[in-house]
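> only geometry, no sequence info:
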């Protein structure tokens, strides 16, 4: 028979063991609840960011935005993937393709591209056809697999690796096109009613956002400045490019914004400073209807004649620049009507690796034009086929721009000659 002491000792051991089991169980439960809380918190954070920043709060009443939050948080959200899916479903009723979840791969890519680096993919800038909901090509990047395959602005993406682009949506279609360089992706394209499948190999695409060269047109020297996107580094690169062109004694500049699908709005506005003097660049209008007028500085880097080339791949920040140049009569626009993206997004972090893009404002050109879904009509519309290689000797649009600037420069020369002649006549008529 065990002694009373041994019985007490055994009882203590049992109690201690039971308490340890409770502590371990409680600890595991706390970790599980914490993980669950983190996932739900991400969803709640996304709802709150949109609720505080989305540019059209009237939409909230129409879709019962608060009820959407309640129903979303009632779903089983236990993992990060659950949270991502819940956020994507929550944003759909807003019917705004630009307000979207950015999963880690897309979030990192967007941050990297805004710094002006390289990206891995096929080199397609995508947008949404507001009339049909189809995913369409805004532009292709120079030297990219998409450009080499002949994909053009306006083509429709029907499927990626067998998945319908309509089912995937804008963000997921773009995400599936990206990936490790050397891997392949099967893209079904519809071009002018004809459908074809293209097997594209992903690779690093050098964005090279600013490119320049000097053009000679008989006795005149013209500078060519192409901007492919507006990343963080672009305004500084534009300044350097203009200085370089001025050192080469260019008399006029052709600014090429074709297939520039935008980027950082702040960079597009900063670029306007290089060509405008104390002029209104753009007006932005937030959710409260408050307009913010943004003016250029009191001096510009280049004040000579200009022509700006645009096409249906010219969008967003590049349309802000084109609209400012046109409305201020600083440069005529030559080409085709632009894409028509007149809203501005703000990028917010959800976690260290994911984020959300939110449409926070719309913008108006200096003359008060809202271009959302409309675009900007050039001063001179060209019906000529676009070149595969912008800026090349086969680029007929560029040739038209050169001819126009040559006529302007010739006219300026005639005006100077007339002024000199008048000065001579006046001096001869002087009496003593």
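Thanks, I have it. It should be emphasised that the depicted structure is a prediction, and the values quoted were computed from it without experimental measurement.
> Tell me if residue 158 really is in a strand.
Yes: counting by DSSP: H, G, I helix; E, B strand; the rest coil, residue 158 is part of a strand.
> From residue 140, how far out is it?
17 Å (Cβ to Cβ, to the nearest Å). The C-beta positions use only the backbone N, C-alpha and C, and glycine is treated the same way.
> Same question for residue 193.
From residue 193 over to residue 140 (counting by Cβ to Cβ), the distance is 20 Å.
> More neighbours: which of the two?
Remark: of residue 193 and residue 140, residue 140 carries more neighbours, 25 against 6, as counted by other Cβ atoms under 10 Å.
> contacting residues around that one?
Going by Cβ atoms under 8 Å, 6 or more residues apart in numbering, residue 140 touches 123, 124, 125, 146, 147, 151, 152, 153, 259, 313.
> Give the helix, strand or coil label for the spatially closest residue to residue 339 that is not a sequence neighbour.
The shortest distance from residue 339 to any residue other than its chain neighbours is 3.6 Å, reached at residue 315 (Cβ to Cβ, 6 or more residues apart in numbering). At residue 315 the chain is in coil, as set by three-state DSSP.
> what do you get for residue 70?
helix.
> And the helix or strand containing residue 360, how far out from the chain middle?
Using DSSP states H and E, residue 360 sits in strand 355-364. Chain-centre distance of strand 355-364: 11 Å, with Cα atoms, centre = their mean, to the nearest Å.
> next SSE after that strand?
Using DSSP H and E, the helix or strand that follows strand 355-364 in sequence is strand 380-381.
> wouldn't residue 139 be in contact with residue 127 here?
No: between residue 139 and residue 127 there is no contact under Cβ atoms under 8 Å: 9.1 Å.
> for the residue nearest to residue 339, what are its contacts?
Contacts of residue 315 (Cβ under 8 Å, 6+ apart): 125, 127, 138, 139, 260, 261, 262, 338, 339, 340, 341.
> Partner strands of the host helix or strand of the fourth one and their direction?
The reference is to residue 139. In the assignment (DSSP H and E), residue 139 maps to strand 135-140. Using DSSP bridges, strand 135-140 pairs in its sheet with strand 124-128 (antiparallel), strand 156-160 (antiparallel).
> Mean pLDDT, mean neighbour count and distance to residue 64 for these - can I get that in TSV?
Shown next, in TSV, are the strands paired with strand 135-140 (pLDDT from 0 to 100; neighbours: other Cβ atoms under 10 Å; distance: least, Cβ to Cβ, whole Å):
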stretch	mean pLDDT	mean neighbour count	distance to residue 64
strand 124-128	80	23	24
strand 156-160	93	21	32
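> Quick check: which of those strands is nearest to residue 270?
strand 124-128 (20.8 Å; Cβ to Cβ).
> List the neighbours of that closest one that are in contact with it.
Strand 124-128 is contacted from outside by 97, 134-141, 144, 146, 151, 157, 170, 173-174, 177, 259, 261, 313, 315, 339, 341, using Cβ under 8 Å, 6+ apart.
> Same question for stretch 244-258: list its buried residues.
245, 250, 251, 252, 253, 254, 255, 256, 257, 258 (16 or more other Cβ atoms under 10 Å).
> Break the protein down into its structural domains.
Per the record, the chain has its domains at 33-95, 118-206, 210-411, by automatic domain parsing.
> Buried deepest among these, which one?
With neighbours taken as mean count of other Cβ atoms under 10 Å, the domains of the chain reach their highest mean count in domain 210-411, at a mean of 19.
> how far does that one stretch from start to finish?
Using Cα to Cα, to the nearest Å, one end of domain 210-411 lies 30 Å from the other.
> what does stretch 189-208 give?
Stretch 189-208 has an end-to-end distance of 26 Å (Cα to Cα).
> so where do the helices sit in the chain?
Ranges of helices within the chain are 4-53, 58-63, 65-73, 80-91, 104-114, 145-148, 165-177, 234-247, 265-272, 317-327, 396-428, based on DSSP state H.
> Those helices: lowest mean pLDDT?
Lowest mean pLDDT within the helices of the chain: helix 4-53, at a mean of 61.
> end-to-end on stretch 101-120?
Stretch 101-120 has an end-to-end distance of 20 Å (Cα to Cα).
> hmm, back to that, quick check: which helices or strands does the strand holding residue 360 pack against?
helix 4-53, strand 100-102, helix 104-114, strand 280-285, strand 343-349 (3 or more Cβ pairs under 8 Å, 6 or more residues apart in numbering; DSSP states H and E).
> got the angle for that strand vs helix 104-114?
Angle, strand 355-364 to helix 104-114, by axes from the mean of the first three to the mean of the last three Cα atoms, to 10 degrees: 50 degrees.
> residues in contact with strand 355-364?
Defining contact as Cβ under 8 Å, 6+ apart, one finds that strand 355-364 is touched by 46, 49-50, 53-56, 87, 96, 98-102, 107, 110, 265, 282-287, 291, 320, 342-350, 370, 372.
> how about 7 Å then?
46, 49-50, 53-55, 96, 98-102, 107, 282-286, 320, 342-350, 370, 372 (Cβ atoms under 7 Å, 6 or more residues apart in numbering).
> again, but for stretch 39-47
With contacts defined as Cβ under 7 Å, 6+ apart, stretch 39-47 is touched by 69, 72-73, 77-80, 82-83, 86-87, 90, 350-351, 356.
> ok so, going back, closest to residue 412 among the buried residues of stretch 244-258?
Nearest member of the buried residues of stretch 244-258 to residue 412, counting by Cβ to Cβ, is residue 251, at 8.6 Å.
> That closest one touches residue 304, doesn't it?
Yes: counting by Cβ atoms under 7 Å, residue 251 touches residue 304, with 5.9 Å between them.
> Please state the offset of stretch 248-261 from the chain centre?
Relative to the chain's own centre, stretch 248-261 is displaced by 20 Å; criterion: Cα atoms, centre = their mean.
> that older thread, pLDDT (mean, whole number) over the strand holding residue 360?
Mean predicted lDDT for strand 355-364 stands at 94.
> measure residue 341 to residue 61 for me?
From residue 341 to residue 61 the distance is 25 Å (Cβ to Cβ).
> cool, residue 211 as well?
Distance from residue 211 to residue 61, by Cβ to Cβ: 47 Å.
> Repeat that for residue 222.
For residue 222, the distance to residue 61 equals 54 Å [Cβ to Cβ].
> which non-adjacent residue is nearest residue 319?
residue 338 (5.1 Å).
> swap in residue 208?
residue 228 (6.7 Å).
> does the one you found really touch residue 139, like I thought?
No: with contact defined as Cβ under 7 Å, residue 228 does not reach residue 139; the gap is 8.7 Å.
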